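> just coords:
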């Protein structure tokens, strides 16, 4: 136990040592105040925090991101891009913004012409997308019937047309009248003036005025010359296409109290006057030109004749024979 006694003696000896010289030197050394307030410590800790790199977002990317509607509440600021100055709103503002914010968290306000003049902090914007959804489509529905609007012409206009017909005649009536089989065939021409309405109704109506002449040969070198001035209504369809080929159908019915046939026969000259009725239909192909439309057509005509005056007594069997003709037509429509 002698070592315990030795340790206690050493401790007591140290307490009696003079340390005044060391304290004097310590007092002469410069002092340092290492006290820091909490705010300085917080700032230093903030500067030590790791900041990841930020990728700059180009304006082209923002403009291509699309737009959304939104509102900026009263009291928030919008930043003018030209001078980076803020403007505080006095009232709530409804705007259209581009979807993508920039790297600093600003969204850009779209003007009516597509340009940008201001930007605003993203957290200052309230989206109003849901407020714009005012109607929820039903799960099932029946489509509404199609409404066809009727179109009416504001004024009535008539289009003139000059036309020429040429064709062959099957003269069954002339054959029976002159009792000559050779008169069964003839050649006919017609010149006409037509007036037709130019309107939106599918069927165009009009009026026609024709002069027709036909020649029939008789046995023994004789000849029949038929002529007639006739007039009547006309009906014409709207143009339609067959294999990209514009076509239309024309129909007319003419009457004449002025039909006449003069003939040289083996027995002398004879003269007949008739009441005539003619029904003609044609298929036409219009082609535009500088005056309007040039028209090519194919026609077929049926003709009914009734004698009203004759220079000699004849007897025609009641066969109800009619003259028929077919051929082509050339016309110019002036529009």
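Thanks, I have the structure now. Small disclaimer: the values here were computed from a predicted structure and weren't measured.
> Quick one: end-to-end distance for stretch 56-74.
Counting by CA to CA, to the nearest Å, you get 30 Å between the two ends of stretch 56-74.
> Which stretches in the stretch 201-335 of the chain count as helices?
Here the stretch 201-335 of the chain has no helices by DSSP state H, counting those that start in this stretch.
> Find the nearest non-adjacent residue to residue 235, please.
residue 251 (4.9 Å; CB to CB, 6 or more residues apart in numbering). Yep, even glycine has a C-beta here, placed from its N, CA and C like the rest.
> For the one you found, give the beta-bridge partners.
Beta-bridge partners for residue 251, by DSSP bridges, are residue 235, residue 281.
> how far away is it from residue 231?
According to CB to CB, to the nearest Å, residue 251 and residue 231 sit 15 Å apart.
> Equivalent analysis for residue 206, please.
Residue 206 sits 12 Å away from residue 231, taking CB to CB as the criterion.
> again with residue 296
Per CB to CB, residue 296 is found 24 Å from residue 231.
> doesn't residue 23 fall inside a helix?
Yes: the assignment for residue 23 by DSSP: H, G, I helix; E, B strand; the rest coil puts it in a helix.
> Near it, how many other residues are there?
Each residue near residue 23 was counted by other CB atoms under 10 Å, and the total is 9.
> quick one: pLDDT of it?
pLDDT for residue 23: 71.
> cool, residue 69 as well?
Residue 69 is assigned 87 on the pLDDT scale.
> Against which helices or strands is the helix or strand where it lies packed?
Here residue 69 sits within strand 67-72, counting by DSSP states H and E. On a contact count with 3 or more CB pairs under 8 Å, 6 or more residues apart in numbering; DSSP states H and E, strand 67-72 meets strand 93-98, strand 125-127, helix 129-132.
> so what strands line up beside that strand?
Counting by DSSP bridges, strand 67-72 is paired with strand 93-98 (antiparallel), strand 125-127 (antiparallel).
> ranking these by burial, who's on top?
Among those, the stretch with the highest mean neighbour count (mean count of other CB atoms under 10 Å) is strand 93-98, at a mean of 17.
> and the helix or strand following that strand, average pLDDT?
Counting by DSSP H and E, the element after strand 93-98 in chain order, helix or strand, is strand 106-110. Here strand 106-110 scores 89 as its mean pLDDT.
> What is the subsequent helix or strand relative to strand 106-110?
Downstream of strand 106-110, the first helix or strand assigned by DSSP H and E is strand 116-121.
> That following strand to strand 67-72, inter-axis angle?
Relative orientation of strand 116-121 versus strand 67-72 (axes from the mean of the first three to the mean of the last three CA atoms, to 10 degrees): 60 degrees.
> Sort out which residues of strand 116-121 are buried, please.
For strand 116-121, the neighbour count (16 or more other CB atoms under 10 Å) marks 118-121 as buried.
> which stretch in the helices and strands packed on strand 67-72 has the least confidence?
For the helices and strands packed on strand 67-72, where the average pLDDT is lowest is helix 129-132, sitting at a mean of 55.
> Mind picking out the helix or strand in this protein with the poorest mean pLDDT?
Across the helices and strands of the chain, mean pLDDT, DSSP states H and E gives its lowest value to helix 2-15, namely a mean of 50.
> you'd agree residue 265 is up against residue 216?
No: contact criterion CB atoms under 8 Å: residue 265 and residue 216 do not qualify, at 11.3 Å.
> Among these two, which residue is more densely surrounded?
Shown here are residue 265 and residue 216; by other CB under 10 Å, residue 216 has more neighbours (26 against 18).
> check contacts around the more buried one.
Residues in contact with residue 216 (CB atoms under 8 Å, 6 or more residues apart in numbering) are 169, 171, 174, 182-183, 185-186, 223-224, 226.
> do that again at 10 Å, thanks
Counting by CB atoms under 10 Å, 6 or more residues apart in numbering, residue 216 touches 169, 171, 174-175, 177-178, 180, 182-188, 222-226, 261, 263, 323.
> Show me which of these are buried.
Buried subset of the contacts of residue 216 (neighbour count, 16+ other CB under 10 Å): 169, 171, 174-175, 177-178, 180, 182-184, 186, 188, 222, 224, 226, 261, 263, 323.
> List the ones among those residues that fall in strands.
Cross-referencing those against strands under DSSP state E gives 169, 171, 186, 188, 224, 226, 261, 263, 323.
> Among those, find me the one that's closest to residue 78.
Nearest to residue 78 out of those is residue 188 (CB to CB; 88.3 Å).
> I'd like to know how far the closest one sits from residue 161.
The gap separating residue 188 from residue 161 is 20 Å, by CB to CB.
> next one: residue 191
Note on residue 191: its distance to residue 161, by CB to CB, is 12 Å.
> Pick out whichever of these two has more residues nearby.
Neighbours per residue (other CB under 10 Å) separate residue 191 from residue 161, with residue 161 holding more: 22 against 13.
> Please identify the helix or strand for the more buried one.
Using DSSP H and E, residue 161 falls within strand 158-171.
> Mind listing the strands that strand pairs with, and their directions?
Take DSSP bridges as the rule and strand 158-171 pairs in its sheet with strand 185-197 (antiparallel), strand 323-334 (antiparallel).
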